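J.: how does the following fold in three dimensions:
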Amino acid sequence: MNPFSRRSFLKGLGTSAIATAARGLRAADVPAPPPEAHTLGPGETEITLHINGQARSLRVEPRVTLLDALRNRLEYTAAKEVCDRGTCGACTVSVDGRTMYACMVLAVDAVGKNITTTEGLVREGKQDVVQRAFVENDALMCGFCTPGFIMSTRALLDKNPHPTRAQIVKACSGNLCRCGAQPHILAAIEKAANGEVSA
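T.: As a prediction, this is how the structure comes out:
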């Protein structure tokens, strides 16, 4: 019986190639193993959220949304839970200057970021110009969508102080009013942009 077969020849050839390649590698060429991933859960973990300029610590499970953390654990109740699936905009907040649906963001993913809710727009007891415009122009009915519209408007005016009507409509397209106050809302935003609001 022939001790050499095609299979043993190919296996030997492969082993030789690997050994030759390994001798040519330096230690610096060998990639480092990936860092250990820090896994959260399944139980509660302590986090700190920076909300309206304040650091707030709380314990949450990793599955808890930012909206749940704000409303039910920290009592920031302006952001409303309506659809809970990112379609109505009632829970809109600002995260590092970008508007986001709080129901679609995990609380643990907001750690280290600056979160602003409608409550945070009030400075030294004085409402933001957008908030005043909504009140003066009767731009609210049930009030559930109002905080989301206000946050979207504030973000728009921060980037574009003098938007056109089309730009206003586009900026608020992620917010839905079911009460029929939309014309008043758009008018309020235009008044805020034009400075037609009481001081």
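J.: beta partners for the residue most central in space within the chain?
T.: The chain has residue 100 as the residue nearest its centroid, 4.5 Å off, counting by CA atoms, centre = their mean. Beta-bridge partners for residue 100, by DSSP bridges, are residue 93.
J.: so residue 165 sits right up against residue 190, yeah?
T.: Yes. Taking CB atoms under 8 Å as the definition, residue 165 is a contact partner of residue 190 at 6.9 Å. C-beta coordinates here come from the backbone N, C-alpha and C atoms, glycine included.
J.: tell me which of the two has more neighbours.
T.: residue 190 (16 against 12; other CB atoms under 10 Å).
J.: so that one: helix, strand or coil?
T.: helix (DSSP: H, G, I helix; E, B strand; the rest coil).
J.: separation between it and residue 162?
T.: 10 Å (CB to CB, to the nearest Å).
J.: what's the answer for residue 113, then?
T.: 29 Å.
J.: give me the low-pLDDT residue ranges for this structure?
T.: Along the chain, the parts satisfying pLDDT under 70 run over 1-37.
J.: could you list the domains of it?
T.: Domain ranges of the chain: 45-117, 129-194, per automatic domain parsing.
J.: residue 38 is nearest to which of these?
T.: domain 45-117 (10.0 Å; CB to CB).
J.: can I get stretch 38-48 as CSV, trimmed to CA atoms?
T.: Taking Å, rounded to 0.1, in the frame of the first residue of the first chain, the C-alpha atoms of stretch 38-48 are listed here in CSV:
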residue,chain,number,x,y,z
HIS,A,38,-19.7,45.6,28.5
THR,A,39,-23.1,43.9,28.7
LEU,A,40,-26.0,45.5,30.6
GLY,A,41,-28.8,43.7,32.1
PRO,A,42,-31.0,41.8,32.3
GLY,A,43,-31.5,43.5,35.7
GLU,A,44,-31.4,47.2,36.5
THR,A,45,-28.3,49.2,36.2
GLU,A,46,-27.5,52.7,37.5
ILE,A,47,-27.2,55.5,34.9
THR,A,48,-26.9,59.2,35.0
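J.: residue 98 is in contact with residue 158, isn't it?
T.: No. Residue 98 is beyond contact range of residue 158, at 10.7 Å (criterion: CB under 8 Å).
J.: quick one: contacts for residue 148?
T.: 79-80, 88-92, 175 (CB atoms under 8 Å, 6 or more residues apart in numbering).
J.: what is the burial count for residue 61?
T.: 15.
J.: if you could redo that for residue 62, that was the one I meant.
T.: For residue 62, using other CB under 10 Å, the count is 16.
J.: just the strands in the protein please.
T.: With strands called from DSSP state E, the chain shows them at 45-51, 54-60, 92-95, 98-101, 114-116.
J.: deepest-packed of these, please.
T.: Highest mean neighbour count among these (mean count of other CB atoms under 10 Å): strand 92-95, with a mean of 24.
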